[in-house]
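K.L.:
here is a sequence with its predicted model. Questions after.
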Protein chains: 6
Amino acid sequence: MTEAADNARYPLPGLEDLPADIRERIEYVNEKSGFIPNVFMMLARRPNEFRAFFDYHDAVMENESGLTKAEKEMIVVATSAANDCQYCVIAHGAILRIRARDPYVADQVAVNYRKADITEPRKAMLEFALKLATDPGNVGDSDIEALKSFGYSDEDVWDIGAITALFALSNRMANLTGMRPNPEFYAMGRQDL
Amino acid sequence: MTEAADNARYPLPGLEDLPADIRERIEYVNEKSGFIPNVFMMLARRPNEFRAFFDYHDAVMENESGLTKAEKEMIVVATSAANDCQYCVIAHGAILRIRARDPYVADQVAVNYRKADITEPRKAMLEFALKLATDPGNVGDSDIEALKSFGYSDEDVWDIGAITALFALSNRMANLTGMRPNPEFYAMGRQDL
Amino acid sequence: MTEAADNARYPLPGLEDLPADIRERIEYVNEKSGFIPNVFMMLARRPNEFRAFFDYHDAVMENESGLTKAEKEMIVVATSAANDCQYCVIAHGAILRIRARDPYVADQVAVNYRKADITEPRKAMLEFALKLATDPGNVGDSDIEALKSFGYSDEDVWDIGAITALFALSNRMANLTGMRPNPEFYAMGRQDL
Amino acid sequence: MTEAADNARYPLPGLEDLPADIRERIEYVNEKSGFIPNVFMMLARRPNEFRAFFDYHDAVMENESGLTKAEKEMIVVATSAANDCQYCVIAHGAILRIRARDPYVADQVAVNYRKADITEPRKAMLEFALKLATDPGNVGDSDIEALKSFGYSDEDVWDIGAITALFALSNRMANLTGMRPNPEFYAMGRQDL
Amino acid sequence: MTEAADNARYPLPGLEDLPADIRERIEYVNEKSGFIPNVFMMLARRPNEFRAFFDYHDAVMENESGLTKAEKEMIVVATSAANDCQYCVIAHGAILRIRARDPYVADQVAVNYRKADITEPRKAMLEFALKLATDPGNVGDSDIEALKSFGYSDEDVWDIGAITALFALSNRMANLTGMRPNPEFYAMGRQDL
Amino acid sequence: MTEAADNARYPLPGLEDLPADIRERIEYVNEKSGFIPNVFMMLARRPNEFRAFFDYHDAVMENESGLTKAEKEMIVVATSAANDCQYCVIAHGAILRIRARDPYVADQVAVNYRKADITEPRKAMLEFALKLATDPGNVGDSDIEALKSFGYSDEDVWDIGAITALFALSNRMANLTGMRPNPEFYAMGRQDL
C-alpha cells in the first residue's frame, strides 16, 4: 500500500498508527474500492486536517443538490486540470467515468471542456467553475447571471463554487505533498469500451 | 448584524435559526470580538460546510507549529491579496496587525511583500506561498529545498502549504458569495499609531 | 526625516543641498502635512525630474476637471495596486480616505474595486483605468464608448487616462528606487472610525 | 466513418472522392489501425495541405533520431496539452502508451510532466519543449545549454524543437476545425492494466 | 551568403552539398530575389523538412483563396510579432509592403494591428488569427461566427487558420535555430516613400 | 499637418491657438525635422501636460548620462513594443536608427532584443527595462545587482528606469488618444541601405 506513494514528499503513516475513526474510514474505503487512494494515507499524517477535509468533501460532494454526481465530478476534473493536479485529474477522472457511465467524457473534460460531448448548460457550469478557479477576483454578478440563465438556482451556483473552492485547496495539497495517483485509477470505468 | 453584509449575494440566516453548536461558536466569537465577522453568518447558511471550514481553520491556524501566529496571518494576507479577496485581506490584515503588534506590516504585505519590513526567511515563506497560490502545478522540489534552506522543517513547509490551500478555498467562497468585510476590521490594530 | 527611507536603494539628499525652488516646495508640504512624504526627497536627487514630475502631477491632479479629487485618488490607488506599488497604494490610500471622507473605500479599492462600495460609473472608470494600466495596447474605441456611456466626457476620459499614465510612471520609479511609505500615511483618514 | 467527426466544423470528404495517393495512405492506415483517425479525413479536404502535413510528420516523427519514438510522443502529448488540443492529447496519448509500453505515462504527462514517472533528462526535454511551445520568443542560448547538459546533441535539440513546432501547427488546425478524437483512441494501450 | 546567418545556432550547409531539387528551388529564389533568404539555407540542413515546409507554404500561401496575398502576409506579420519572431516579422514585413504596395502597413501591423490603417474586416481577420496563435484552446464557434459576419466564407476561415498554424511552426523553428533576417529585407518595399 | 493624425481620437488644436512657448517649441522642431511629430500637436491640447511631458523628456533623454543616446532610444523602442505602442515604436525606431547610425537595430529590438545585434550589456539593460515595464512589482535587488554586474552605475540604473517609466506614461497616452506615427518616420535613417 505504501509503495503506491513512492515519489511522495512526505512519508506515509502506518495504518495501525492512526486514530480509530480515521482507520475505520480508510478501511471502509479499502473494502469498497479494493485499494486505498493515496489521498487518504497522505492526509492521515495530520488527523485533524484529514477529518476536516473529508467532512468538507462530504458536505459538498454528498449533499442534496441540484447537480448530479457526474456533474460534480466534471467540475473537479476540469478545475484540477487547470491547476495541473495529476492526482485529482486521474483519480476523479476515474470517478467521473463511473458516475457518468461514460468512458470518454473525463479525458475530454480534462483537456478542453469546450470540445467535450456535454450539454451547453454543463459547458456554462464549467466555464464558471474555471473562472472561479483561475481568476477568482474577477467573478462578478454578470457571470452569475449568465450561469443562472441556463437554469441553475442560487444553491446550484453555491454548489458549483464550493466544489471549485474545495478542489482549489485539494489541488494545492496534492501538488505540495507530491501525491501520486494509484495505478488502479487509470483504467477504472473504461471497461465499457 | 445582517446590515453589514448588505451587498452579499446570498441572504444571511437569522442567528436563532442556526443549529446550537454553530450558534454557540458564533456567540462566543461575538463576545470575544464585539462583533460577528461576516464569514461566520455567510457560511452558517450551510451548517456542514461551516463546521468543516472552521475545523480546517483550527487545524491549520491553531495547531502546534513552527510558525508563529503572525507568520500564519502574513501567509493569509499575501495569498488573499493575490486572489483579490477583499474580505480576507481586510479581515486578516486586522488580525495580522494584532498578532504581530505592528500597525504597518499588513498593508505592506497586502501590496508587495518584497518591500515589506520583514526578515528574509519570511520573504522566502511568502514567495513559496504565493507560488503555490497562483501557479500550483509548477511547485517543485527545488522550491521546497529553497524554502528549507532558510531553516524551515518539512512540517513547517506543510503548514505554509496548508494555510495557502485553505485560503485558496476561502478566497473563492468569499468572491463567490460577495462576502464583505465588517467595518470594525479596518481600524483594528492601528491604535499604536 | 531621512530615517523614514531607510530601505531605499538610493541615498537621499540633504534638504539644505537642494535648489531653492525644490526646497521651498518641500518645506511647504512639510508645513501643510507635518512630514515630508518620501517621494519628495527621493525625486529631489534629480532636480529636473523632480520639477517635471510635480508639474505633471499638478497638471492632472489639480486641474479643472469633471472628476472629483476623490475619484482621481481612486484611480491612483487601483492602478498602483495593479502595479504592486507599496508607496503609492499606502500614500494615496491615505489621501483617498481624506478626499472621500470615507475610512473604508481606499482599502476596498486597493484589493478589488469590483467589490467596493462605489457607484457603477466609478467602477466603469476604474475598469477602464486598469485596462490602460495593464494592457494598454488593447484599449480600443469600444472601451472608450463604454466609458462614455456612463456620462463621462471626452475630457474626462483624457483625465482618467492621464492619471493612469502618470502613475504608470510613478509606480515604476517607486519600485525602481525602493521608495517606502512614511509611517504617517497608514493611519491618516481613519479617525472617523 | 464520417460519424466519428460529427461535431467537426467542416464536412468530411468521401473517401472515394479523394486523389489516389491520399486514398491509398488512408486505406493503409485503416488496415494497420482498424480505423481511420479523424485527422486524416479532415485534412484530406485539402489534398496539398494533407500531403505537406504528413510529409512533415514523417520527416520529424519517423526520421533517424537520437530520440526514441516514445520520447517523441511525450513531446507531442505535453505540448498539445499546453495548447488544450483534445484530439492530439487523446490520439497521441494512445500512441505514447503503445510506444512506451506503459499504461500510465500518457495521462501523467498530459496533466503535469513534472510529476510523471520519467527520467530527469526527459523532464528537461519536456521543459524545453513547453517553453518553445508557449513562450517561443524567450528561448535562449541558456535554455539550449541547459538541455544539452543532459546529454542531448545539437540534432536532438532540433528534433525536440521541430516536433514541438509541428504540433504547434497541428494543435491549431485541430482547434480550428473542431477535430474530435476517434473513440478507439481512449482505451488503446491500456490493456496491460 | 553564409555570412548573413552569422549568429545562427546551426552551421549552414554549402549550396553544392544539397540535393538537386532543393538546390534548384534555392537557385530560383536567388535569381528572382537577388539573394537567398536565410530560412532556405537553414531548413536545407534537413532536406525532408525543407520539402515539407515549402510544400506547406505553397499550399496555404499560393493556393486559390478568397484572401489576397497582402491579407495573407498581414496574418504572417501579426502572428509572428505575437511570437516575437524577428526573422518572420522582418522578412514577411518586406513581402507585405510589396504585396500591399504600401510602405506603412507592415510596421503598423507588427506593433498593433488595432491602430493600423486597414479595414474593419481585416482587423477582424487579424483578431481571429491572433487568438488562434496565442490561445488556441479558447477558439470557439462564436469566434468563427464573428469572423464570418464580416463576409468571410468557411474556406476563408480555414485559410486564415492554416496560415496562422504554419507560422506557429515557422516562428518556433526560427526562434529555435536563431534564424536571422537578411539585411536586404529591411528596406524592401519602402522605395515609394 | 492635421491630416497626419486623421484617426486620432481627439481633434488637434491649430498651431496659432497655442500659447507662445508651446508654439515656439513646435516651430523649432518643425524647422529641425521638416515636420511636426504628432505627439507635439496631440499633447498641445493640454498646455500644462505638454510642458511637463517635454520637461520630463529632456530631463531623462537629454541629461548628462552614462548611457549613449542610442542606448536610450533602444530602451524606448523595446519597452514601447512591449506596450504595443505604434506611435512610439515607429517614431523612436526612426530616432534610434539615426542615433545608432544603424539601419537594422531598431526593427530587431522592436521584435525581439534577445536576437538583436547588440552587446551583452545592452541586452542586460533591455532585459531590466522590460521587467520594469511589464512586471514592476517584481523588480528586486537581485535584478539591480545583475544589471550592475555589466558595469552600470547606480545613476545608470536610475536612467534606465526613468526612461522606462516615462515611456510607460507616453505609451499609455498614445494608446489612449489614438496617436499615429507621421509618415516621415517610417523611412528615416534607412538611407544607408
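P.N.:
Looks like it came in fine.

K.L.:
residues contacting the residue of chain A found nearest chain F?
P.N.:
Chain A approaches chain F most closely through A:G137 (16.1 Å), counting by CB to the nearest CB. All C-beta atoms are positioned from the backbone trio N, CA, C, and that covers glycine. Listed by CB atoms under 8 Å, 6 or more residues apart in numbering or on different chains, the contact set of A:G137 reads B:83-85, B:175, C:112, C:114.

K.L.:
which of those tops the neighbour count?
P.N.:
B:C85 (30 neighbours; other CB atoms under 10 Å in any protein chain shown).

K.L.:
doesn't A:L132 make contact with it?
P.N.:
No: judged on CB atoms under 8 Å, B:C85 makes no contact with A:L132 at a distance of 11.8 Å.

K.L.:
common neighbours of these two, please.
P.N.:
Joint contacts of B:C85 and A:L132 (CB under 8 Å, 6+ apart) are B:N175.

K.L.:
residue nearest the centroid of chain A?
P.N.:
Taking CA atoms, centre = their mean, the centroid of chain A lies closest to A:V76, which sits 4.1 Å from it.

K.L.:
which residues sit against the strand or helix carrying A:Y186?
P.N.:
For A:Y186, the enclosing helix or strand under DSSP states H and E is helix A:184-187. Around helix A:184-187, the neighbours that count as contacts under CB under 8 Å, 6+ apart are A:33-35, A:37, A:90-91, A:93-94, D:103-104, D:107, D:190, D:193.

K.L.:
so does stretch A:77-87 get close to chain E?
P.N.:
No: applying CB under 8 Å from any CB of the partner chain, one finds stretch A:77-87 separated from chain E by no less than 11.1 Å.

K.L.:
which parts of chain A sit against chain E?
P.N.:
So far as CB under 8 Å from any CB goes, chain A lies against chain E at A:112, A:114.

K.L.:
report the residue spans of chain A with pLDDT below the cut-off.
P.N.:
In the predicted model of chain A, residues A:1-7, A:192-193 satisfy pLDDT under 70.

K.L.:
now with 90, please.
P.N.:
Chain A contains residues with pLDDT under 90 at A:1-8, A:191-193.

K.L.:
tally of neighbours for A:H57?
P.N.:
16.

K.L.:
quick one, what contacts the residue of chain A found nearest chain E?
P.N.:
Chain A approaches chain E most closely through A:N112 (5.2 Å), counting by CB to the nearest CB. For A:N112, the contact set (CB under 8 Å, 6+ apart) comprises D:84-86, E:137.

K.L.:
so can I have JSON lines of those residues showing secondary structure?
P.N.:
As requested, the contacts of A:N112 are exported to JSON lines (DSSP: H, G, I helix; E, B strand; the rest coil):
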{"residue": "D:D84", "secondary structure": "coil"}
{"residue": "D:C85", "secondary structure": "coil"}
{"residue": "D:Q86", "secondary structure": "helix"}
{"residue": "E:G137", "secondary structure": "helix"}
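
K.L.:
A:K115 - nearest residue in space that isn't next to it in sequence?
P.N.:
D:Q86 (4.6 Å; CB to CB, 6 or more residues apart in numbering or on different chains).

K.L.:
what's the answer for A:K69, then?
P.N.:
Distance criterion CB to CB, 6+ apart; nearest residue to A:K69, sequence neighbours excluded, is A:R99 at 4.5 Å.

K.L.:
give me the buried positions along the one helix or strand A:A59 maps to.
P.N.:
Secondary structure assignment for A:A59, by DSSP H and E: helix A:47-61. Across helix A:47-61, burial judged by 16 or more other CB atoms under 10 Å in any protein chain shown covers A:49-57, A:59-61.

K.L.:
tell me the one of the residues you listed nearest F:T68?
P.N.:
Checking the buried residues of helix A:47-61 against F:T68 by CB to CB gives A:E49 as the nearest, at 59.5 Å.

K.L.:
and that closest one, how far from chain B?
P.N.:
5 Å (CB to the nearest CB, to the nearest Å).

K.L.:
give the contact list for the residue nearest to that residue when sequence neighbours are not counted.
P.N.:
Leaving aside its chain neighbours, A:E49 sits nearest to B:A59 (4.8 Å; criterion: CB to CB, 6+ apart). Contacts here follow CB under 8 Å, 6+ apart; on that basis B:A59 touches A:46, A:48-49, A:51-52, B:162.

K.L.:
ok, now A:M74?
P.N.:
Contacts of A:M74 by CB under 8 Å, 6+ apart are A:96, A:100, A:105, A:109, A:113, A:118, A:122, A:125-126.

K.L.:
and if we set it to 7 Å?
P.N.:
By CB atoms under 7 Å, 6 or more residues apart in numbering or on different chains, the contact set of A:M74 is A:96, A:109, A:122, A:126.

K.L.:
quick one: contacts for the nearest residue to A:D141 once chain neighbours are set aside?
P.N.:
Spatial nearest neighbour of A:D141, chain neighbours left out: B:R9 (7.6 Å); criterion: CB to CB, 6+ apart. B:R9 makes contacts with A:144, B:177-178, as judged by CB under 7 Å, 6+ apart.

K.L.:
for B:Y28, state which of these is nearest.
P.N.:
B:T177 (22.7 Å).

K.L.:
my read: the closest one touches B:M42, true?
P.N.:
Yes: using CB atoms under 7 Å, B:T177 is in contact with B:M42, at 5.4 Å.

K.L.:
between these two, what contacts are shared?
P.N.:
B:8, B:10.

K.L.:
any idea where the strands of chain A begin and end?
P.N.:
Counting by DSSP state E, chain A has no strands to list.

K.L.:
how about the residues of it near chain D?
P.N.:
Residues of chain A found near chain D (CB under 7 Å from any CB of the partner chain) are A:81, A:84, A:86, A:89-90, A:103-104, A:107-108, A:111-112, A:115, A:178, A:183, A:186-187, A:190, A:193.

K.L.:
could you find the closest non-adjacent residue to A:L147?
P.N.:
A:F128 (4.7 Å).

K.L.:
no no, A:I95
P.N.:
Distances taken as CB to CB, 6+ apart put A:E73 closest to A:I95, at 5.3 Å, once the chain neighbours are dropped.

K.L.:
and the gap between that neighbour and chain D?
P.N.:
In terms of CB to the nearest CB, A:E73 sits 16 Å off from chain D.
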